[in-house]
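1. Need coordinates for the following:
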Amino acid sequence: MSQRLKQLRDIARGLSHNLRHREAAFRTASEHEAYQNEQLKRVVQHAVAHSDFLSELYADIDVEGDLQLHHLPVVDKRLMMDNFDRWVTDPRLKLAEIEQQIETDPEEQYYLDEYRIVATSGSSGLRGIFVYDRLEWGVVISAALRWAKMFGYSPLELAYKKIASIKAEKPTHATSRLSQSLDLGIRNLLTLDATEPLENLVEKLNKFEPQLLMGYGSLISLLAEEQVEGRLNIAPEMVASFSEMFGEDRVKRARQAWGITPFNHYGAAEQIMIAADCDSHMGLHHFADMSIVEIVDSDNQPVPPGMPGDKILLTNLHKFVQPVIRYEITDLITKASCDCRCGRTFPLFSGISGRAEDFISLRDKAGEVVSISPIVVCACLIEHPDVIEYQYSLDGNSLTIRVVSRESANQTSLKEALRRSIFNALSGQGAVDFQVEVEFVERLIRSGEIMGKLKLKIAGGNPEGKGI
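-> A predicted model of the protein is given here:
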């Protein structure tokens, strides 16, 4: 089967799933719970039957009886990546072979002719590989179409809109994979590289004149500033974020630039669509038919509505190939104490933080501050499979990257490759007169226990980038 035909069938599968689950947003709380329990049992039973690692992890749990989610152990990305080959439910999936394809042929959309591979660093700085079969990817497309309906567009209307999507440069990032999926179903889709210099993005957007503008919240905010300053001249009907949230300052800037309130999206490589904004803008609706999100404290105990948790435990209800069950993500989420006036009964998140990353502030040739998204640096790091974890610090005009590499890595050549790639990427953003240093360390310092949050950006001698 040709790749084009596969893409068309994936879109058709997403449309079908979307139609069959249109009523999900208006179920009662008890109906949501019943559906979640049913799907949870299916996922766990499949994991026990087909995953060597999870069958051992759940050995003392009765998965055939009255299965209780809180009885299942908490897992994290480190545990999953360390045991990848025994975690997945298809024995043909081997982490080393997947990483080899990512390195040699990252543009290939289908691994083993049927799997989509998403690679990401995540906000933690630990590289992750996530595998979706075509049924699971159909759910991802369905969720994207659901969100489009929430901001006012049916699939048919979406197909005829001029959409600009500013995504990650790397083709294995979730934003790139989703764009690849939809580029046959949307006639006027412009995909732009988030690592391009701002002036290039402005030029291309001015020429394209998008009706819908989507991208990282930080970059959309910079584009809004360009609009206010008169260098960007577009009139989008809708603006939305992915991967980075719009804070109040960014929302205000977008309103000032285009006279509209932008839409927020919350997702992860493990569950690409977790929650999304509707046109009432009262918070983000958790797609409760696709995942379970436990908002918990540091001891994994649930916190009440209105109080932010220390992290979430994510369970993907449609992921069977690489099960994600009570999977720790160190994002700070608050469940709203009220319902949304739109009438949807999906649980509402009133606050989400922890994924919006700090900018890297350097100077350009005119002496002005250039604010660069960490995505630019992350994209350089995650393309190297020998990079396991990393952190960075900024001290004046000196950026130091601390890297945990594989034991088999040639650190001399890897160091030079990373320095060159990062230096060129930052220079491409307009930064001048800066240094990039790469240090190899055995481990990175985490806050709290070993499963505590690993901060991507740590304090240097001048962490705020002042005086540069």
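2. So which residues of the stretch 351-468 of the chain form helices?
-> For the stretch 351-468 of the chain, the helices defined by DSSP state H, counting those that start in this stretch occupy 375-382, 411-428.
3. Keeping just the C-alphas, turn the last one into PDB.
-> Right, helix 411-428. The C-alpha trace of helix 411-428 is given here as PDB (Å, rounded to 0.1, in the frame of the first residue of the first chain):
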ATOM      1  CA  GLN A 411      32.200  12.100  23.500                       C
ATOM      2  CA  THR A 412      34.800  14.000  21.600                       C
ATOM      3  CA  SER A 413      32.900  13.900  18.300                       C
ATOM      4  CA  LEU A 414      29.500  14.200  20.000                       C
ATOM      5  CA  LYS A 415      30.700  17.300  21.900                       C
ATOM      6  CA  GLU A 416      31.800  19.000  18.700                       C
ATOM      7  CA  ALA A 417      28.700  18.000  16.800                       C
ATOM      8  CA  LEU A 418      26.500  19.400  19.600                       C
ATOM      9  CA  ARG A 419      28.400  22.700  19.900                       C
ATOM     10  CA  ARG A 420      28.300  23.300  16.200                       C
ATOM     11  CA  SER A 421      24.600  22.500  15.800                       C
ATOM     12  CA  ILE A 422      23.600  24.600  18.800                       C
ATOM     13  CA  PHE A 423      25.800  27.500  17.800                       C
ATOM     14  CA  ASN A 424      24.500  27.500  14.300                       C
ATOM     15  CA  ALA A 425      20.900  27.300  15.500                       C
ATOM     16  CA  LEU A 426      21.300  30.200  17.900                       C
ATOM     17  CA  SER A 427      23.100  32.300  15.300                       C
ATOM     18  CA  GLY A 428      20.200  31.600  12.900                       C
END
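4. same for it, what does it pack against?
-> When contacts are defined as 3 or more Cβ pairs under 8 Å, 6 or more residues apart in numbering; DSSP states H and E, helix 411-428 sits against helix 375-382, strand 398-405, strand 435-440. C-beta: built from backbone N, CA, C; applies to glycine.
5. what's the answer for the shortest one, then?
-> Here helix 375-382 touches strand 387-395, strand 398-405, helix 411-428, going by 3+ Cβ pairs under 8 Å, 6+ apart.
6. Residue 263: which of those is closest?
-> Between residue 263 and the helices and strands packed on helix 375-382, the shortest separation by Cβ to Cβ is 28.5 Å, and it involves helix 411-428.
7. contacting residues around that closest one?
-> Helix 411-428 is contacted from outside by 195-197, 360, 362, 372, 376-377, 379-381, 383-384, 386-387, 399, 401, 403, 405, 434, 436-438, 440, using Cβ atoms under 8 Å, 6 or more residues apart in numbering.
8. pLDDT wise, what is the most centrally placed residue in the chain at?
-> Nearest to the geometric centre of the chain sits residue 268, at 3.6 Å (Cα atoms, centre = their mean). Note on residue 268: pLDDT of 89.
9. Wait, it touches residue 328, no?
-> No. With contacts counted by Cβ atoms under 8 Å, residue 268 stays clear of residue 328, the gap being 11.4 Å.
10. Now the common contact residues for the two.
-> residue 314.
11. re the thing from before, which among the helices and strands packed on helix 375-382 is found nearest to residue 96?
-> Among those, the nearest to residue 96 by Cβ to Cβ is strand 387-395 (13.6 Å).
12. least reliable of the helices and strands packed on helix 375-382 going by mean pLDDT?
-> Looking at the helices and strands packed on helix 375-382, the bottom one is strand 387-395 with a mean of 83.
13. which strands and helices sit next to that strand?
-> Applying 3+ Cβ pairs under 8 Å, 6+ apart, one finds that strand 387-395 makes contact with strand 360-363, helix 375-382, strand 398-405.
14. any idea how far residue 287 is from residue 164?
-> With distances taken as Cβ to Cβ, to the nearest Å, residue 287 is found 25 Å from residue 164.
15. Show me which of those two is the more surrounded one.
-> residue 287 (26 against 23; other Cβ atoms under 10 Å).
16. ok, residue 9 - how many residues close by?
-> A count of nearby residues for residue 9, using other Cβ under 10 Å, gives 13.
17. quick one, what contacts it?
-> By Cβ under 8 Å, 6+ apart, the contact list for residue 9 reads residue 134.
18. Could you do residue 290 as well?
-> When contacts are counted by Cβ under 8 Å, 6+ apart, residue 290 is found next to 139, 143, 271, 273-274, 316-318.
19. Take those residues and keep only those in strands.
-> If you go by DSSP state E, the contacts of residue 290 have 271, 273-274, 316 in strands.
20. rewinding a little: mind giving me CSV with the helices and strands packed on strand 387-395 and columns for mean neighbour count?
-> What follows is those, written out as CSV (neighbours: other Cβ atoms under 10 Å):
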stretch, mean neighbour count
strand 360-363, 20
helix 375-382, 23
strand 398-405, 20
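21. Distance to residue 239 added to those, as CSV?
-> Output for the helices and strands packed on strand 387-395, formatted as CSV (distance: least, Cβ to Cβ, whole Å):
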stretch, distance to residue 239
strand 360-363, 24
helix 375-382, 18
strand 398-405, 30
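22. Not counting its neighbours along the chain, what's nearest residue 406?
-> residue 386 (4.9 Å; Cβ to Cβ, 6 or more residues apart in numbering).
23. I'd like to know how far that neighbour sits from residue 133.
-> Taken as Cβ to Cβ, the span from residue 386 to residue 133 is 28 Å.
24. Give me the secondary structure label for residue 55.
-> What DSSP: H, G, I helix; E, B strand; the rest coil gives for residue 55 is helix.
25. quick one: it from residue 305, how far?
-> For residue 55, the distance to residue 305 equals 36 Å [Cβ to Cβ].
26. Any of the contacts of residue 290 buried? List them.
-> Buried members of the contacts of residue 290, counted by 16 or more other Cβ atoms under 10 Å: 139, 143, 271, 273-274, 316-318.
27. Show me which of the residues you listed is closest to residue 37.
-> residue 317 (9.9 Å).
28. Report pLDDT for the closest one.
-> Residue 317 is given a pLDDT of 97.
29. Spit out the contact partners of the residue nearest to it when sequence neighbours are not counted.
-> Excluding the flanking residues, the one nearest residue 317 by Cβ to Cβ, 6+ apart is residue 39, at 3.9 Å. Neighbouring residues of residue 39 by Cβ under 8 Å, 6+ apart: 289, 317-318.
30. From these, pick the one nearest residue 71.
-> Residue 71 has its nearest neighbour among the contacts of residue 39 in residue 317, at 17.2 Å by Cβ to Cβ.
31. Would you mind measuring from that closest one to residue 160?
-> 32 Å.
32. Residue 54 now?
-> According to Cβ to Cβ, residue 54 and residue 160 sit 44 Å apart.
33. who has more neighbours, those two?
-> Per other Cβ under 10 Å, whichever of residue 54 and residue 160 has more neighbours is residue 54, with 24 against 12.
34. Kindly confirm whether my reading is correct that that one touches residue 88.
-> No. Here residue 54 does not reach residue 88: they are 9.7 Å apart, not a contact under Cβ under 8 Å.
35. what ranges do the strands span in the stretch 151-300 of the chain?
-> Assigned by DSSP state E, counting those that start in this stretch, the stretch 151-300 of the chain shows strands spanning 162-167, 188-193, 212-215, 238-241, 265-268, 271-277, 284-286, 291-296.
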